[in-house]
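Undergrad: heads up, no residue letters with this:
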């Protein structure tokens, strides 16, 4: 991991997005629509829906908005069908970027994503051009405070089937395979663990450092991509200088 904290990236992205709650709610609403179509509208049966609802509440999305999104997806209300599409490309300094989108208009989304890359010194690439630099992993983040027994957290996580546990300033990161994510999460929740973040995500094998001017350019591109309603997740291999 080279000391890189995935949680720091998640946290910074959330902090930047708090001023744009409307966009966050739009993105989460689309995510709800997709997971309901895939696994049904009952969160007790559909674990992915349960996770998205948890994310919605962490972002202070109103309960009526959550329910309305679920009803739209289940056909109780008129809704929109969204399609998943992934773009790969390069940011400033040759950095690697993967952009996951949910869209009802692929031409619009492709144009918007390409514009964000081009405007800030990046370029879109072909499918697979940077994907090999990342691995998909489950990531559970536990807040670490004065009462946290790190050894116990590590033991519980590994016994539940986690692959790795990393202690960092303020948090403990628990890594799993994608297939074990739900099982590990449920076992730890049964032991009263609360997570400040829980998701299956893409994590780079190695991270690169950019000089300040390139880093500023890169971060402007990330902001432009995250501002797009169609963009759900942006993954990259840039080590942030604030970490």
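TA: All right, it came through fine. Worth saying up front: this structure is predicted, and the values here are computed from it rather than measured.
Undergrad: use CA for all of it now, contacts and neighbours both
TA: Fine.
Undergrad: Okay, domains of this structure per the record?
TA: What the record gives for the chain is the domain set 6-73, 83-132+206-236, 134-204, from automatic domain parsing.
Undergrad: What mean pLDDT does the first one get?
TA: For domain 6-73, mean pLDDT is 80.
Undergrad: Likewise for stretch 221-230?
TA: 92.
Undergrad: Ends of that stretch, what's the gap?
TA: Start and end residues of stretch 221-230 are separated by 15 Å (C-alpha to C-alpha, to the nearest Å).
Undergrad: Now do stretch 171-179: distance to the chain's middle.
TA: Put simply, stretch 171-179 sits 13 Å off its chain's centre (C-alpha atoms, centre = their mean, to the nearest Å).
Undergrad: buried ones in that stretch?
TA: Under the neighbour-count criterion of 16 or more other C-alpha atoms under 10 Å, stretch 171-179 has 171-178 buried.
Undergrad: Identify the residues contacting that stretch?
TA: 7, 136-144, 150, 157, 161-167, 184, 200 (C-alpha atoms under 8 Å, 6 or more residues apart in numbering).
Undergrad: Any quick ChimeraX command for the buried ones out of these?
TA: Of these, the buried ones can be selected in ChimeraX as follows, counting by 16+ other C-alpha under 10 Å:
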select :7,137,138,139,140,141,142,143,144,150,157,161,162,165,167,184,200
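Undergrad: The nearest residue to residue 120 once chain neighbours are set aside and residue 119: what is the separation?
TA: Excluding the flanking residues, the one nearest residue 120 by C-alpha to C-alpha, 6 or more residues apart in numbering is residue 221, at 5.4 Å. Note on residue 221: its distance to residue 119, by C-alpha to C-alpha, is 8 Å.
Undergrad: Let me see the contact set for residue 103.
TA: So residue 103 contacts 82-85, 109, 230 (C-alpha under 8 Å, 6+ apart).
Undergrad: Residues touching stretch 66-85, excluding its own?
TA: Counting by C-alpha under 8 Å, 6+ apart, 29-30, 32-34, 36-37, 40-41, 53, 56, 100-104, 106 sit against stretch 66-85.
Undergrad: Report the buried residues of it.
TA: 66, 69-74, 82.
Undergrad: Give me the distance between the two termini of that stretch.
TA: Across stretch 66-85, the terminal residues are separated by 23 Å (C-alpha to C-alpha).
Undergrad: again with stretch 132-150
TA: 33 Å.
Undergrad: could you list every residue that touches the residue nearest to residue 130 when sequence neighbours are not counted?
TA: Excluding the flanking residues, the one nearest residue 130 by C-alpha to C-alpha, 6+ apart is residue 96, at 5.9 Å. Residue 96 makes contacts with 88-90, 130, 133, 236-238, as judged by C-alpha under 8 Å, 6+ apart.
Undergrad: Would you mind giving both backbone torsions of residue 96?
TA: The phi and psi values for residue 96, taken as degrees, to the nearest 10, are phi -100, psi 140.
Undergrad: Need the pLDDT of it.
TA: So, for residue 96, pLDDT stands at 96.
Undergrad: that older thread, in strands, which of the contacts of residue 96 appear?
TA: If you go by DSSP state E, those have 88-90, 236 in strands.
Undergrad: Could I get the full set of helices for this structure?
TA: 6-17, 21-39, 47-58, 63-73, 106-119, 150-160, 181-190, 212-226 (DSSP state H).
Undergrad: looking at those helices, which is buried most?
TA: helix 21-39 (a mean of 20; mean count of other C-alpha atoms under 10 Å).
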